[in-house]
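K.L.:
compute the structure for the input listed below.
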Amino acid sequence: MALSWLQRFELVVFQAAFLCGAVTAATLTRIQGSFSGSCPLYGVAAKNGSSLALSRPSAPSLCYFVAGVPGLLALYCLLSVLFWIYSSCIEDSHRGPIGLHIALAISAIATFLVLVSACILRFGTSSLCKSIVSVNITNSCSEAQKIPWTPPGTALQFYSNLHNAETSSWVNLGLWCVVLVLQVVQWKSEVAPCWPLERGHPARSSEADSLVGPRLSYS
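P.N.:
The predicted model follows:
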């Protein structure tokens, strides 16, 4: 059985979610690497002469989570796309009700995790920028990229990378919401034919007549 247009559109959205998740994961990994493995989200900056330093970074596990969530979901999107391309071209299979329920549960959990990841990025970056501005060495977080950091080479283009990661994360959240809506529509279309017809419905009456014969009318 060929894939429905809803499922085909879902796979297209999965491809976009794969790209966004991969970009977010790669960017966060690059940011953490530029701070020598420290996590700058919710970090505290300090003045070190004419340079800046990340005096109190967050736990590395925070950045691991923010990078790991979109990374794992990007892998899930890629495997899903490859599986359904193979199934539709080779095996000609169809996703049943159980598979749809599992996909719905995964999409709901994924949407929640991406939302949490995006919020951590948003507020973690804002907290870091407030700390940088408070040391009175620069007026904005973007300008802090031009200031030397200690140790040398630290925080290379950190704000631009954080901004790109946050943007990709919010776009990824929107894509997962679209996936969730598409799967809910597919679930309703699967369930609708199974709902019992109301008493007196023409389709129900014709079905009953075919089983027990037409009812006789007495005057």
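
K.L.:
count the residues that sit near the closest residue to Leu11 other than its chain neighbours.
P.N.:
Ranked by Cβ to Cβ, 6 or more residues apart in numbering and with sequence neighbours excluded, the top spatial neighbour of Leu11 is Val81, at 5.4 Å. In this view, the C-beta of every residue, glycine as well, is placed from N, C-alpha and C. Neighbours of Val81 under the rule other Cβ atoms under 10 Å: 17.

K.L.:
just how off-centre is the helix or strand that contains Val81 within its chain?
P.N.:
Applying DSSP states H and E as the criterion places Val81 in helix 60-86. Remark: helix 60-86 is offset 9 Å from the chain centroid, using Cα atoms, centre = their mean, to the nearest Å.

K.L.:
next secondary structure element downstream of it?
P.N.:
Defined by DSSP H and E, the subsequent element after helix 60-86 is helix 97-134.

K.L.:
how far off centre is that following helix?
P.N.:
Worked out by Cα atoms, centre = their mean, helix 97-134 lies 7 Å from the chain centre.

K.L.:
what's the angle from it to helix 60-86?
P.N.:
150 degrees (axes from the mean of the first three to the mean of the last three Cα atoms, to 10 degrees).

K.L.:
enumerate the positions of helix 97-134 that are buried.
P.N.:
For helix 97-134, burial by neighbour count (16 or more other Cβ atoms under 10 Å) applies to 100, 103-104, 106-107, 110-111, 113-115, 117-118, 120-121, 124-125, 127-129, 131-133.

K.L.:
now do the lengthiest strand in the chain: which elements does it pack against?
P.N.:
Counting residues, the longest strand found in the chain (DSSP state E) is strand 39-48. When contacts are defined as 3 or more Cβ pairs under 8 Å, 6 or more residues apart in numbering; DSSP states H and E, strand 39-48 packs onto helix 5-34, strand 51-58, helix 60-86, helix 97-134.

K.L.:
so which bits of that strand are buried?
P.N.:
In strand 39-48, counting by 16+ other Cβ under 10 Å, buried: 39-45, 47.

K.L.:
between those, which sits nearest Ser4?
P.N.:
For the buried residues of strand 39-48, the residue nearest Ser4 by Cβ to Cβ is Leu41; the value is 40.9 Å.

K.L.:
what's the closest non-adjacent residue to that closest one?
P.N.:
That would be Gly124: by Cβ to Cβ, 6+ apart, it lies 3.0 Å from Leu41.
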